[in-house]
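Provide a 3D model corresponding to the input given below.
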Amino acid sequence: MKNICVFGSSSESIDKEYINSAESLGSAIAKRGYHMIFGAGKFGVMGAAARGVKAENGTFTGVSPQFFTELDVLDYECTELIFTETMRERKAVMEDKADAFVICPGGIGTFEEFFEVITLRQLGQHDKPIVIYNVKGYYDPMLDMMRASVGEAFMDEKVGGLYSVATTEDEVFEQLENYKPFAYSKYDKR
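Got it, this is the predicted structure:
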């Protein structure tokens, strides 16, 4: 594992604990010798993670659709900055370049990114670790919803084994570095 993709909020209005935890995570990614992949944003959780990487002279790749250049939201200090035509292409590039995913607190875009990588994992398209960084219990309601989905038979309980949940930065790296994939496919049981 060399490349860690970090998904997270672009909002500056969120609790500073989310920002601080992301900056610390970015710093730890660099200190441990990993390369970060992210959505190239300079604000919110994304921007904080990038500042953390930069503070430790680490390397990081930002991936952005071209239209974001008109919005003044990008971090142009990335080690590498890749432009795509669409948001779909952006996610594909990040997914392809990543060896692992860390899902930091975020909104609708982060939810979409998480559900895409977990869906792809469920369908056997990758076996990369997916860690939900559950700062301040932010993802507790989503995790409850997923358990309810299992309870109603919309989702197999084994899907819960396709990702892990960390409440501290140390747990994030422990789970990434000790990850052992297991064979699972949604359609193996038909």
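
Which parts of the chain are helices?
Counting by DSSP state H, the chain has helices at residues 16-31, 44-55, 87-97, 108-122, 140-151, 169-177.

How many residues are close by Met155?
The criterion is other CB atoms under 10 Å. On that basis, Met155 has 16 neighbouring residues. Bear in mind the C-beta positions are built from the backbone N, C-alpha and C, glycine included.

Contact partners for it?
146, 149 (CB atoms under 8 Å, 6 or more residues apart in numbering).

As TSV, the helices of the chain with distance to Leu162, mean neighbour count and mean pLDDT would be great.
Listed next are the helices of the chain as TSV, based on distance: least, CB to CB, whole Å; neighbours: other CB atoms under 10 Å; pLDDT from 0 to 100:
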stretch	distance to Leu162	mean neighbour count	mean pLDDT
helix 16-31	21	20	98
helix 44-55	23	25	98
helix 87-97	15	17	97
helix 108-122	5	17	96
helix 140-151	11	12	96
helix 169-177	13	17	98
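
Between these, which one is closest to Leu74.
Nearest to Leu74, of all the helices of the chain, is helix 44-55, at 9.7 Å by CB to CB.

who wins for proximity to Phe67 among the helices of the chain?
Distances from Phe67 to each of the helices of the chain were compared by CB to CB, and the smallest falls on helix 87-97, at 9.1 Å.

what packs against that closest one?
Packing contacts for helix 87-97, counted by 3 or more CB pairs under 8 Å, 6 or more residues apart in numbering; DSSP states H and E, involve strand 3-7, strand 35-38, strand 60-65, strand 80-84, helix 108-122.

can you list contacts of stretch 156-173?
Contacts of stretch 156-173 from elsewhere in the structure, counted by CB under 8 Å, 6+ apart, are 21, 24-25, 28, 32, 102-103, 118, 121-122, 129-135, 137, 139, 143, 146-147, 150, 174-175, 179, 182, 184, 186, 189.

on that earlier part again, export the helices of the chain to CSV and tack on distance to Leu74?
Compiled in CSV, the helices of the chain are given as follows (distance: least, CB to CB, whole Å):
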stretch, distance to Leu74
helix 16-31, 16
helix 44-55, 10
helix 87-97, 12
helix 108-122, 15
helix 140-151, 28
helix 169-177, 25
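
still on that earlier bit, can I get the helices and strands packed on helix 87-97 in a markdown table including distance to Ala92?
As requested, these are exported to a markdown table (distance: least, CB to CB, whole Å):
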| stretch | distance to Ala92 |
| --- | --- |
| strand 3-7 | 12 |
| strand 35-38 | 12 |
| strand 60-65 | 9 |
| strand 80-84 | 8 |
| helix 108-122 | 9 |
